[in-house]
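A.B. asks: The sequence isn't on hand, but the structure is:
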C-alpha cells in the first residue's frame, strides 16, 4: 500500500516536472522518515561489521527533522497564504515537529513520541492538500485545485 502511494506521488511529480506539489513532497519526506525509523534497527545490526557507526547520530537525526520542517513549513504556509487561509494544518504540523524534538530530548521514550509525530505531520499535509483542493478562490497562477494524485 505504501509502495502504491509512493508510486502515485512519483508519477505525479514526473507529470508536473516544473510544478512541484509541496504537500506531496512533504508526505513523501514524512514517509521516508517513518521508513528510515522502522528499517534503521535492522540495518544497524550489520553496520558494526562494516566499521560504520550511525547509532544515535545526533547531527543526522536533527538534519532529518530540519529537512521535514523546511519542506513542511513551506508547503503548509503556501497553502495557508494562497489558498485556504486555515491555521489548523499548521498547528498540527507544529505539534508533530515538537514531538520529533521531544523524541530527541527523551530518547528512552522515542517510540511514544515518534508514532504520533509521524501521524501528525502526514495528517497536516493531507489536510492542507484537501483544504487547498476545496478552496473556492485563488490568489496566484500556481493554483490547480482540480489535480489529484
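C.D. replies: On my side now, so go ahead. Computed from a prediction, not measured in an experiment: that's the story for all the values here.

A.B. asks: List the residues that contact the spatially most central residue of the chain.
C.D. replies: Among the residues of the chain, the one closest to the centroid is residue 30, at 3.1 Å (Cα atoms, centre = their mean). Applying Cβ atoms under 8 Å, 6 or more residues apart in numbering, we find residue 30 in contact with 68, 72, 118, 121, 122, 125. Yep, even glycine has a C-beta here, placed from its N, CA and C like the rest.

A.B. asks: Give me the phi and psi for residue 33.
C.D. replies: Its backbone dihedrals place residue 33 at phi -60, psi -40, with angles given as degrees, to the nearest 10.

A.B. asks: mind listing what's buried in the longest helix along the chain?
C.D. replies: Among all segments of the chain classified by DSSP state H, the helix with the greatest residue count is helix 110-134. Taking 16 or more other Cβ atoms under 10 Å as the basis for neighbour counts, the residues of helix 110-134 that come out buried are 110, 113-114, 117-118, 120-129, 131-133.

A.B. asks: now stretch 59-79
C.D. replies: Of the residues in stretch 59-79, those buried (16+ other Cβ under 10 Å) are 61, 64, 65, 68, 69, 71, 72, 73, 75, 76, 78, 79.
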